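J.: What shape does this take:
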Amino acid sequence: MEWRPNATKGGPNPPWIVSTSGYQAAVAAKRRGVAADTIAAKLGLRIVADFGQTLRADRTGQFFEALADASDTPSFAWEAGCSERMDTWSPLMIACRGCPSGADALRIFLDYWPCVTNAYEWIGEERSGEAPVVLVLRSGPLRSWMRPLVEFDLGEFITVARALTRPDLPLRVELADPISLARVPATLRRSVSVVPSDRTALQIDPELLVTQVSPSQPLASRLAVQELDRLRSARQAGVLFQHRVGQVLRLHLPHVRTAADVAQQLSLTTRTLERKLQEEGTTFREVRSHVQESLARELIAERPLKELAYLLGFGDARAFARAFRRWTGVSPSEFRGKS
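T.: Residues are numbered from 1 along each chain as shown. Sure, this is the predicted structure:
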């Protein structure tokens, strides 16, 4: 049997992750004496302890890596995820920790995962007999910014699974990425089987599903589920404003390309548009850049450079080429050659 999270309709541009992930990383870094707020500001991130606010997923991954460098701790993301301090738990973790059984916790986790990020997903595989339950990462190619986010997830999974059962619950982590494999902290290796694999997954002993426990913080868990329901309804309804802005740009570039242009299309003032985007942890420039990048990748093989630059709202081909190199690390001609 395969368990899948409820799919969201659409999603904001660019890929997002909840702000609490960044907040948990910031708290862990501050405990190591790292100036996390300064690093976040340099990346254009506004870190808040609010599960309803979102951050750019790629920049959040870069934030994790910068904190690891500043703290001289390659295993930083793993260790931040393994924190058992309740002051950094997200509503999803609180909801899982408050379940009466491991099976309930796993179902809540998979059901509400779309509230956490749209950058990648975890799915659950339940095998017949006594085989373990497996959480498997499903994504495209594992980009460098995704690596610390996935490591953080796995740390949280391990912490919650053991909190619901016992500290020595057998667990097996499979890692397809050699860098993540090398960064697993020694303390975790002593208690978890970590092996190279062709996938990224966490195998959980079936004991987790049948164990009945006394829920931890049951009131907090119920409130967390109510918040998750509210957020899921909002996101499935397409309430996230940056997605609407991205749709307008995608449909109307190059004729609509400024914040004032988009605000007019949405019957808003420019100031209101910018405020709404700020509340979601992004800016108009970031949303437009993501849309331009997405369209550029789609059209680069079939449109002349000058025409593509015009269609995406750039002043000339040189400006487009500079932006394209910033997005991909290569020039348009080099990108075409690799396609």
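
J.: What is the burial count for residue 254?
T.: 13 (other CB atoms under 10 Å). Every C-beta, even on glycine, is put in place using the N, C-alpha and C of the backbone.

J.: didn't it look like it was pressed against residue 315?
T.: No - at 10.3 Å, residue 254 does not count as touching residue 315 under the criterion of CB atoms under 8 Å.

J.: so where does the residue lying closest to residue 196 once chain neighbours are set aside fall, helix or strand?
T.: Distances taken as CB to CB, 6 or more residues apart in numbering put residue 181 closest to residue 196, at 5.8 Å, once the chain neighbours are dropped. Residue 181 is part of helix 178-183, with elements assigned from DSSP states H and E.

J.: Point out the other helices and strands that that helix packs with.
T.: If you count contacts as 3 or more CB pairs under 8 Å, 6 or more residues apart in numbering; DSSP states H and E, helix 178-183 packs onto helix 146-164, strand 193-196.

J.: ranges for the helices of the stretch 51-200 of the chain?
T.: Counting by DSSP state H, counting those that start in this stretch, one finds helices in the stretch 51-200 of the chain at the ranges 57-70, 76-81, 91-97, 102-112, 146-164, 178-183, 186-189.

J.: Of all those helices, which one is nearest residue 246?
T.: Among the helices of the stretch 51-200 of the chain, helix 57-70 comes nearest to residue 246, with 14.5 Å by CB to CB.

J.: what does that closest one rub up against?
T.: 14-17, 21-22, 25-26, 28-29, 34-36, 39-40, 42-45, 74-77, 80, 117-119, 143-149, 152 (CB atoms under 8 Å, 6 or more residues apart in numbering).

J.: Just the buried ones from those residues?
T.: 14-17, 21-22, 25-26, 28-29, 34, 36, 39-40, 43, 45, 74-77, 80, 117-119, 145-149, 152 (16 or more other CB atoms under 10 Å).

J.: Now intersect those residues with the strands, please.
T.: Counting by DSSP state E, the part of these found in strands is 16-17.

J.: And the host helix or strand of residue 233, what's buried?
T.: According to DSSP H and E, residue 233 maps onto helix 218-236. Within helix 218-236, the residues that count as buried by 16+ other CB under 10 Å are 220-221, 224-225, 227-228, 231-232, 235.

J.: Taking helix 102-112 as reference, get the angle to that helix.
T.: Interaxial angle, helix 218-236 versus helix 102-112 (axes from the mean of the first three to the mean of the last three CA atoms, to 10 degrees): 30 degrees.

J.: What is the subsequent helix or strand relative to helix 218-236?
T.: Following helix 218-236 toward the C-terminus (DSSP H and E): helix 241-252.

J.: Quick one: residues in contact with the next helix-or-strand element following that following helix.
T.: Using DSSP H and E, the next helix or strand after helix 241-252 towards the C-terminus is helix 259-265. When contacts are defined by CB under 8 Å, 6+ apart, helix 259-265 is touched by residues 245, 248-249, 252, 255-256, 269-270, 272-274, 284.

J.: The nearest residue to residue 299 once chain neighbours are set aside in helix, strand or coil?
T.: Sequence neighbours aside, residue 308 is the residue nearest to residue 299 in space, at 5.7 Å (criterion: CB to CB, 6+ apart). What DSSP: H, G, I helix; E, B strand; the rest coil gives for residue 308 is helix.

J.: Now do the same contact list for residue 308.
T.: 296, 299-300, 320.

J.: Please export the C-alpha coordinates of the host helix or strand of residue 337 as PDB.
T.: Assessed by DSSP H and E, residue 337 sits inside helix 332-338. Presented in PDB, the C-alpha positions along helix 332-338 are these (Å, rounded to 0.1, in the frame of the first residue of the first chain):
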ATOM      1  CA  PRO A 332      22.200  30.500 -22.600                       C
ATOM      2  CA  SER A 333      24.400  29.000 -25.400                       C
ATOM      3  CA  GLU A 334      26.100  26.600 -22.900                       C
ATOM      4  CA  PHE A 335      22.700  25.600 -21.500                       C
ATOM      5  CA  ARG A 336      21.400  24.900 -25.100                       C
ATOM      6  CA  GLY A 337      24.500  22.800 -25.700                       C
ATOM      7  CA  LYS A 338      23.700  20.600 -22.700                       C
END
